[in-house]
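[1] sequence and computational prediction follow.
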Amino acid sequence: MSNPWQAVPEAPVIFRAQYKVPGTSPFSALLDLGNDCYLIFSPGQGLEGSLPDFVTPNSKLLLLAPCVGHTLGIAVWSAEHPDAELFAPDAIHEIFRKSGVVDKLQSIGALAAQMPSHLQIHVPPPNKFHEVWLTDKQDETTFWIIGDAFLNFETVAGNLIKKFLLGLYSIKPGLRPNELSRLGLTDKQKFKEWAVTLFDKANRQVSLPCHWEINAAKD
């Protein structure tokens, strides 16, 4: 069986692997932080036992649940890798109480303190899904690792009725805000103003949403 982790084009230190949950097949992202330390963004259930060969039992793993909708894999990954460090936004820690890992969770601030200079954590203004994003600046390209806030579909299969119904939730070809996440914003204008300040126009922007395809901006 081939390893599910695939290197991201133009970003040899970022890997993605797809996993299955009811109703969808999102992606986990693995980022090489250097010094045999690796960050797993949205650890997917079923991927915990199939890491790339360069990740060894002695490697340091940092597991990040980036939002409400990406929490299911943390407990199984923690069981498979008991020395891994666990991180999640403070507002969603209580979700993990039944899984028995809540006492191991650390804050996003603690994770940020371990990031190399080229990788940055971004905490959006208050939103009901408590999402955090990552950016990885490599040479002249900025890679965005995002949980539920954006979707990117190259194509959408189905008949016209299905496509129309999916379109009501912004499931259309192209990079688009996730309608459900957008509805979860407590202040849409504040979010827009915050998001605009993040983009470095001097750099090429590549989005790596957990939901579906990589998107490389054309300008």
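    Received it, and whenever you're ready, just let me know what you need.
[2] could you list the low-pLDDT ranges of the protein?
    1, 23, 148-185, 200-202, 210-219 (pLDDT under 70).
[3] got the phi/psi numbers for A75?
    With angles defined as degrees, to the nearest 10, A75 sits at phi -70, psi -40.
[4] that one: how many residues sit nearby?
    Neighbour count of A75, defined by other CB atoms under 10 Å: 19. C-beta here means a position set from N, CA and C on the backbone, and glycine is covered the same way.
[5] for L63, name its beta-bridge partners.
    Taking DSSP bridges as the rule, L63 bridges to I40, L86.
[6] residues contacting it?
    Neighbouring residues of L63 by CB atoms under 8 Å, 6 or more residues apart in numbering: 40, 43, 74, 77-78, 81, 84-87.
[7] what distance do you get for it to F96?
    11 Å (CB to CB, to the nearest Å).
[8] what's the overlap in contacts for these two?
    Common neighbours of L63 and F96, counting by CB under 8 Å, 6+ apart, are I74.
[9] how long is stretch 25-43 from one end to the other?
    13 Å (CA to CA, to the nearest Å).
[10] please apply the same query to stretch 92-106.
    Span of stretch 92-106 from end to end, CA to CA: 11 Å.
[11] distance from the chain centre to it, please.
    Here the centre of stretch 92-106 is set off from its chain's centre by 19 Å, with CA atoms, centre = their mean, to the nearest Å.
[12] can you list the buried residues in it?
    By 16 or more other CB atoms under 10 Å, the buried positions in stretch 92-106 come out as 92-93, 95-96, 101, 104-106.
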